[in-house]
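In: Pasted the sequence and its predicted model underneath.
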Amino acid sequence: MLAGKTALITGGSSGIGLATARLLRAHGARVAIMGRDSARLARAAAELGDVVTIEGNVASLADLARLRTELENAFGGLDILFANAGTAKATPLATTDEATYAQIMDVNVKGVFFTVQAVLPLLRPGGSVILNTSWLNQVGLPGRAILSASKAAVRSFARTLSAELLPRKIRVNADSPGSIETPLHRDQDQSDEAYAAYVARVGTQVPLGRMGRPEEIAAAVLFLASEASSYMVGAEIVVDGGRAEL
Ligand SMILES: NC(=O)c1ccc[n+]([C@@H]2O[C@H](COP(=O)([O-])OP(=O)(O)OC[C@H]3O[C@@H](n4cnc5c(N)ncnc54)[C@H](OP(=O)(O)O)[C@@H]3O)[C@@H](O)[C@H]2O)c1
C-alpha cells in the first residue's frame, strides 16, 4: 500500500506513534521517527528494524531545522508526515500556572505548526499530512481546558493548512483518538494494580466499555496516509469508542 513512500512520525518512539511506525513499515513505507529521549528512540528502533531515528524536541525550532536536514539526507523527499508528538496534563482553572500553560501549548500547538513548516520543502505532490488531535477537541471535560484548547487548535490547523497546501497537491487531515492505553496514561511510580484499576475505571466511561489500543489509531492513520483516503481534505477521523460522539 505504501511501497516506495517515506514517512516521518514525530513521537514515533512510544504509544500511538510507535504502533503507527510498525504499521506503515508493514505496508512498505520507509519510516523516520523523532523524539527527545535517545534511549527510548533506540529501543523503538531495535524493535522496528530498519528505521531512521532523529533526536529532538518539536517545540525547538533549531531541532526542527536539524530534523529537516537529517530527513533530507536520509530520504531526499517526504510523502507522509504524522505530526503526533504531544503532551497531556490536567490544568484546573484555579491552580494552573503560566509555565504549565506554555509547556502544553509549546509542544501541542507550536510544535505541530512548525513541524509541518519545517518539512514543507521536502513534501512531495500527492503527500499526506496527518495531525494528531484528540476527542477532547469537541467536549468540555473539567480540568482539561488547556489540553483541549491545544487539540482544538490542531483540529483547526488541519482545515487551514489543508486549504493552503491544496495547490501543492498535499492533503492535510486529522485523527482524533479517544482514551488510548499508552505510557501517556501511566505515572512512573504507579503499581500494576493501581494502573489496572485506572484502565478499568476509564473503560467504564467509554460507550464501547474499554480504553482503545494504539493499533486502532494506527489503522486510521494508515488510511489517511494512503490513496484510500484520496477524497478527504481538512477532515477528522474520530476513533474514540464513542466517547465524544454518543
Ligand atoms: N493516549 C491517549 O489517550 C491519547 C488521546 C488523544 C490524543 N492523544 C495524542 O496522541 C499523541 C501521542 O500520545 P501517546 O498516547 O502515544 O503518548 P506516549 O506513549 O507518551 O508517546 C508520546 C511520544 O511523543 C514524544 N514526545 C513527547 N513530547 C515531545 C516533544 N516535545 N518533542 C518530540 N517528541 C515528543 C515522546 O517521546 P519523548 O518523550 O522521548 O520525547 C513519545 O515518543 C499525543 O499528541 C497525544 O496528545 C493521546
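Out: Ah, there it is.
In: what residues does the protein put near the ligand?
Out: 10-11, 13-17, 34-37, 40, 57-59, 84-88, 107, 111, 132, 134, 177, 179-180, 182-184 (C-beta under 6 Å from any ligand atom). Heads up, the C-betas are built off the backbone N, CA and C, glycines and all.
In: among those, which ones are buried?
Out: With neighbours counted by 16 or more other C-beta atoms under 10 Å, those contain buried members at 10-11, 13-17, 34-36, 40, 57-59, 84-88, 107, 111, 132, 134, 177, 179-180, 182.
In: What is the strand ranked longest in the chain packed up against?
Out: Longest strand in the chain, counting residues (DSSP state E): strand 123-132. Applying 3 or more C-beta pairs under 8 Å, 6 or more residues apart in numbering; DSSP states H and E, we find strand 123-132 packed against strand 78-83, helix 111-119, helix 145-165, strand 171-177, helix 214-225.
In: count of neighbours near residue 69?
Out: Residue 69 has 11 neighbours, counted by other C-beta atoms under 10 Å.
In: With the ligand as the reference, measure out to it.
Out: Relative to the ligand, residue 69 is positioned 17 Å away (C-beta to the nearest ligand atom, to the nearest Å).
In: repeat for residue 233
Out: Distance from residue 233 to the ligand, by C-beta to the nearest ligand atom: 21 Å.
In: quick one: that residue is in a helix?
Out: No - looking at residue 233 with DSSP: H, G, I helix; E, B strand; the rest coil, it is coil, so not inside a helix.
In: which residues touch it?
Out: By C-beta atoms under 8 Å, 6 or more residues apart in numbering, the contact set of residue 233 is 162, 166, 171, 172, 173.
In: will you turn those into a markdown table that also has pLDDT and neighbour count?
Out: Formatted as a markdown table, these follow (pLDDT from 0 to 100; neighbours: other C-beta atoms under 10 Å):
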| residue | pLDDT | neighbour count |
| --- | --- | --- |
| 162 | 98 | 20 |
| 166 | 98 | 13 |
| 171 | 98 | 23 |
| 172 | 98 | 27 |
| 173 | 99 | 24 |
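In: Tell me the one among those residues nearest to the ligand.
Out: residue 173 (15.1 Å; C-beta to the nearest ligand atom).
In: So that closest one sits against residue 159, correct?
Out: No - counting by C-beta atoms under 8 Å, residue 173 does not reach residue 159; the two are 9.6 Å apart.
In: Pull up the overlap in contacts between the two.
Out: Common neighbours of residue 173 and residue 159 (C-beta under 8 Å, 6+ apart) are residue 234.
In: still on that earlier bit, for the helices and strands packed on strand 123-132, give me TSV that also has distance to residue 51.
Out: As requested, these are arranged in TSV below (distance: least, C-beta to C-beta, whole Å):
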stretch	distance to residue 51
strand 78-83	13
helix 111-119	17
helix 145-165	25
strand 171-177	21
helix 214-225	15
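In: Pairing partners for the longest strand of the chain, with directions?
Out: Strand 123-132 has the following strand partners under DSSP bridges: strand 78-83 (parallel), strand 171-177 (parallel).
In: what's next to it, contact-wise?
Out: Contacts of strand 123-132 (C-beta under 8 Å, 6+ apart): 11, 16, 77-84, 86, 112, 116, 154-155, 157-158, 161, 165, 168-175, 177, 221, 224-226, 229.
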